[in-house]
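Asker: just a sequence and a predicted model for now, questions to come.
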Amino acid sequence: MGKSRRKFLKQLVGVSSAAGLSGTGVLSHAAVSKAKIQDIRLSNNRGYVRLVFDLDQSVQHSIFSLHGPERVVLDLKNTDIPAGMIDMIQASSLIRGIRSGIQNGHDLRVVFDLHEKMSPRSFLLAPSGDAGHRLVLDLYDAETNNESVVEKAKAKKELRDVIIAIDAGHGGKDPGAIGRNGTKEKTITLQIAKKLEKVINGQRGMKAILTRSDDRFLHLRERIAKARKNDADMMISLHADSFPDPRARGSSVFALSVDGASSEMARLLADKENSADMLFGDISLAVDDQMVKEVLFDLSLTGTVQSSLDIGDEVLKQIGSVNRVHKKKVQQAGFAVLKAPNIPSVLLETAFLSNPREEKNLRSSAHQQKIAKAIGRGVSSYFQRKAPPGTWLSEAVTEYKVKPGDNLSVIAEKFNTSVNDLRSRNALQSNNLDAGQVLKIPVS
């Protein structure tokens with residue numbers, strides 16, 4: 001039995017050797033199954049075009065450039081492509097046309113005819129999640145050499161976060177309102193502020209700073225100074241109201257008014273909040289002429305107030321999903337803490353501590369978290385539309401129109417980004433997408 005097996009193996013080796021000598025190329029390619037291109041995706045980005053080849057297995061490949069006319073050639077070893085797939089790829093502002101052919105009977109060559117000189121780069125991606133093997137080819141314009149790629153990467157890193165100043169109202173010797181069960185406003189506002197800080201910092205492109213992180217008293221102008229020192233793009237002051245009638249309930253959002261209060265309640269509330277600190281003074285604009293100073297101050301406040309109202313609307317919409325809204329529109333009054341020039345600011349009365357049910361809710365950590373998430377959604381929605389220039393939230397590589405059957409994972413994979421970054425950049429509250437919806441693809 002053993003001799004017969006050894007004899008058979010020797011014969012098999014002899015056959016294999018003979019076959020290898022007589023037809024080396026045929027055997028080597030027959031022994032290795034051909035890779036198949038399953039799909040090709042093209043995206044136009046700022047300064048470059050990206051093509052992603054979806055494959056059923058990894059491939060060996062090479063790229064090189066030809067001139068007169070300008071072309072980039074991609075060679076894929078032992079690879080097949082379905083007939084007509086190349087023809088389905090549309091040309092772009094950088095690519096004049098794409099064609100393909102078979103080399104040596106088994107290798108695939110893809111030629112990109114270009115409008116101008118371009119610099120090619122390629123890399124392979126291993127299977128990940130629902131995605132299989134991929135070959136990524138980037139074609140950069142002539143000005144995008146290796147040095148400029150590095151500079152662009154540095155520039156991306158230098159995009160700053162949107163800064164949100166979170167002001168926990170009252171503190172220290174100023175307890176604020178006190179509920180029937182002894183709940184102090186200064187304690188509730190700080191607890192919500194810390195939860196909101198985590199919500200904000202959990203979203204890429206935004207960073208939260210607290211005007212106070214412990215139980216201390218701060219003058220109103222010190223709160224503003226803290227926001228200005230950190231170059232805040234927005235300030236939100238958290239409070240919890242009280243009223244003689246315990247039936248009063250609901251949340252309200254306030255912005256600054258330079259023309260008087262929008263309601264008697266807003267005026268009374270502003271007077272109450274401002275009375276906690278009588279030391280608030282004018283903010284110097286470093287301009288000598290008093291008339292110029294007043295004009296600049298008015299212009300600054302006009303734009304700031306409008307932005308504050310816009311932010312307030314977004315926050316109010318989201319708060320309504322957590323608590324009853326006391327006033328359906330953003331109210332206005334002369335709150336001292338909202339008088340920071342060039343920093344849009346809103347004051348949120350989360351609920352009434354004088355109402356037993358709302359006092360109980362405000363003491364609940366779970367309810368505080370709901371409030372924090374609602375505020376975070378409102379802030380995110382605003383800055384998705386109006387992020388300051390130079391911030392990560394203001395930048396996008398390109399835009400993508402959602403197709404039927406798309407989901408965030410597929411789109412993130414297509415553009416080499418993450419689902420979380422897609423959600424942050426587009427202020428998405430869920431993974432649900434609508435066909436035709438336009439997404440901004442974030443800078444990676």
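Answerer: The structure has been received and is ready for your questions.

Asker: got a list of what T398 touches?
Answerer: Applying Cβ atoms under 8 Å, 6 or more residues apart in numbering to T398 gives the contacts 43-46, 415, 441. Just so you know, the C-beta spots here come from the backbone N, C-alpha and C atoms, and that holds for glycine as well.

Asker: where do the domain boundaries of the protein fall?
Answerer: Segmentation of the chain into domains, based on automatic domain parsing, reads 30-156, 162-386, 396-441.

Asker: redo the ones you listed as CSV? Include mean pLDDT.
Answerer: Below are the domains of the chain laid out as CSV (pLDDT from 0 to 100):
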stretch, mean pLDDT
domain 30-156, 79
domain 162-386, 80
domain 396-441, 87
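
Asker: pick the most buried one from those.
Answerer: Among the domains of the chain, the stretch with the highest mean neighbour count (mean count of other Cβ atoms under 10 Å) is domain 162-386, at a mean of 19.

Asker: which two from the contacts of T398 end up farthest apart in space?
Answerer: Among the contacts of T398, the pair separated by the greatest distance (Cβ to Cβ) is R46 and F415, at 12.5 Å.

Asker: overlap in contacts, the two.
Answerer: Residues within reach of R46 and of F415 at once, by Cβ under 8 Å, 6+ apart, are 397-398.

Asker: circling back: just the contacts of T398 now: which is nearest A83?
Answerer: Closest approach to A83 among those (Cβ to Cβ): S43, at 23.9 Å.

Asker: can I assume that closest one sits in a helix?
Answerer: No. With DSSP: H, G, I helix; E, B strand; the rest coil as the criterion, S43 is located in strand rather than a helix.

Asker: how about it, what does it touch?
Answerer: Contacts for S43 (Cβ under 8 Å, 6+ apart) come out as 49-50, 52, 398, 400, 414-415.

Asker: cool, and Q60?
Answerer: Residues near Q60 by Cβ under 8 Å, 6+ apart: 76-78.

Asker: now do the helices in the stretch 201-350 of the chain.
Answerer: All helices of the stretch 201-350 of the chain, identified by DSSP state H, counting those that start in this stretch, fall at 220-229, 264-274, 290-319.

Asker: returning to what we had before: could I get the contacts of Q60 in JSON lines, plus columns for secondary structure and distance to S251?
Answerer: Output for the contacts of Q60, formatted as JSON lines (DSSP: H, G, I helix; E, B strand; the rest coil; distance: Cβ to Cβ, whole Å):
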{"residue": "L76", "secondary structure": "strand", "distance to S251": "60"}
{"residue": "K77", "secondary structure": "coil", "distance to S251": "64"}
{"residue": "N78", "secondary structure": "coil", "distance to S251": "65"}
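
Asker: nearest to S380, of those residues?
Answerer: Nearest to S380, judged by Cβ to Cβ, of the contacts of Q60 is L76 at 42.7 Å.

Asker: can you give me the helices for the stretch 51-200 of the chain?
Answerer: Under DSSP H, counting those that start in this stretch, the stretch 51-200 of the chain gives helices at 146-158, 185-201.

Asker: which SSE is K373 in?
Answerer: Here K373 is covered by helix 365-386, with elements defined by DSSP states H and E.

Asker: got the angle for that helix vs helix 185-201?
Answerer: In terms of direction (axes from the mean of the first three to the mean of the last three Cα atoms, to 10 degrees), helix 365-386 departs from helix 185-201 by 50 degrees.
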